[in-house]
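Asker: quick check, what structure comes out for this input:
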Amino acid sequence: MRYTSLLLIIAGAPVMAADFAFTGYARSLDTSELLYVELHAVSAAGTPRESRVVLYGCADGQAPFARKELVYATRIAPTFRFEDARSGYAEGLSRDARGLQVSARAGTAAELRTARVDDRGLIADAGFDEFVRARWDELERGKSLEAPFLVPSRLESMKFRVRKVGETKIGEDTASVIRLSLAGLLGWVLPDIDVSYRHRDRQLLRYRGTTNVRDANGKLIVAEIDFPDEGRSEGAVDLEKWRALPLVSACR
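Answerer: Next up, the predicted model:
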């Protein structure tokens, strides 16, 4: 089953303007080899009920090996859970009466580690997109912003610097390149992440840097992920089908 067929199966029939799906293609920075594919489904976009499911598919297009679920009660710090069926690695952010709790598990046989995190100004996972759009005018004027970004594997947030570093052409579109880098001394040794947003609608077009997907050795993959318009479809999505789709424990 190819990805186009998979999208047709897990999409709903009624059309709802606030629902859509899009696809990302992750490629090696060195060889441009396709490493994996991301399938994103968004329901009730832009509302307090917004939810998303992301499936991470094997490069051969046959099946997903990982899944992430997000709920946007807070725009820049959505709660989420990510699990990779190949290794059993899992991470997430949850909210209860006491506040936010981050969790991480190194593998199927490993213990789930948890810790409380301060939610003041916290940016988590895809909430970075919301942060960029909310602060777009400042970034376009060249302002450098600092904010705490959640690092689940460390069970804590770390201070990152966000700034515009240039513009690029992606297809026919002009995009602003927004850089996320660690503030302080660690910023000298850890790689930056560059995310490109189209000028006319601030839509994400490209991600370049460390991903949350690990290779066979447990090392985080560094990739360039493109999100082309032809991989985007408007219309209702059935998130329950996306959540229920089985994951494979290995890619061929």
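Asker: may I have the helix or strand R67 falls within exported as CSV, CA atoms only?
Answerer: Per DSSP states H and E, R67 falls inside strand 64-71. Written as CSV, here are the backbone C-alpha positions of strand 64-71 (Å, rounded to 0.1, in the frame of the first residue of the first chain):
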residue,chain,number,x,y,z
PRO,A,64,4.2,3.4,9.4
PHE,A,65,6.7,2.6,12.1
ALA,A,66,6.0,5.5,14.5
ARG,A,67,3.1,7.7,15.6
LYS,A,68,2.8,11.0,17.4
GLU,A,69,-0.5,12.5,18.8
LEU,A,70,-0.9,16.1,19.7
VAL,A,71,-3.6,18.1,21.4
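Asker: the helix or strand just after that strand pairs with which strands, and in what direction?
Answerer: Following strand 64-71 in sequence order, the next helix or strand is strand 79-84 (DSSP H and E). Strand 79-84 has the following strand partners under DSSP bridges: strand 64-71 (antiparallel), strand 90-96 (antiparallel).
Asker: which residue, other than its chain neighbours, is closest to V222?
Answerer: T210 (5.3 Å; CB to CB, 6 or more residues apart in numbering). For glycine as for every other residue, the C-beta is placed from the backbone atoms N, C-alpha and C.
Asker: just give me the longest strand of the chain.
Answerer: Counting by DSSP state E, the longest strand found in the chain is strand 156-170.
Asker: what pairs with that strand, parallel or antiparallel?
Answerer: Applying DSSP bridges, you get strand 145-151 (antiparallel), strand 173-182 (antiparallel) as the partners of strand 156-170.
Asker: run the chain-centre distance for the helix or strand immediately after the longest one in the chain.
Answerer: So that's strand 173-182. Following strand 173-182 in sequence order, the next helix or strand is strand 193-198 (DSSP H and E). Offset of strand 193-198 from its chain centre (CA atoms, centre = their mean, to the nearest Å): 12 Å.
Asker: other SSEs contacting strand 193-198?
Answerer: helix 127-134, strand 156-170, strand 173-182, strand 204-214 (3 or more CB pairs under 8 Å, 6 or more residues apart in numbering; DSSP states H and E).
Asker: list the buried residues for the longest strand of the chain?
Answerer: 157, 160-164, 170 (16 or more other CB atoms under 10 Å).
Asker: okay, now P246: neighbour count?
Answerer: A total of 9 residues lie near P246 under the criterion other CB atoms under 10 Å.
Asker: what about the stretch 151-252 of the chain, any weak spots by pLDDT?
Answerer: For the stretch 151-252 of the chain, the stretches flagged by pLDDT under 70 are 184-189.
Asker: between its first and last residues, how far does stretch 215-234 reach?
Answerer: Taking CA to CA, to the nearest Å, stretch 215-234 runs 32 Å from one end to the other.
Asker: mind listing what's buried in that stretch?
Answerer: For stretch 215-234, the neighbour count (16+ other CB under 10 Å) marks 222-227, 231 as buried.
Asker: now these in a markdown table, with secondary structure and distance to L190?
Answerer: Below are those laid out as a markdown table (DSSP: H, G, I helix; E, B strand; the rest coil; distance: CB to CB, whole Å):
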| residue | secondary structure | distance to L190 |
| --- | --- | --- |
| V222 | strand | 11 |
| A223 | strand | 16 |
| E224 | strand | 18 |
| I225 | strand | 19 |
| D226 | strand | 23 |
| F227 | coil | 24 |
| G231 | helix | 30 |
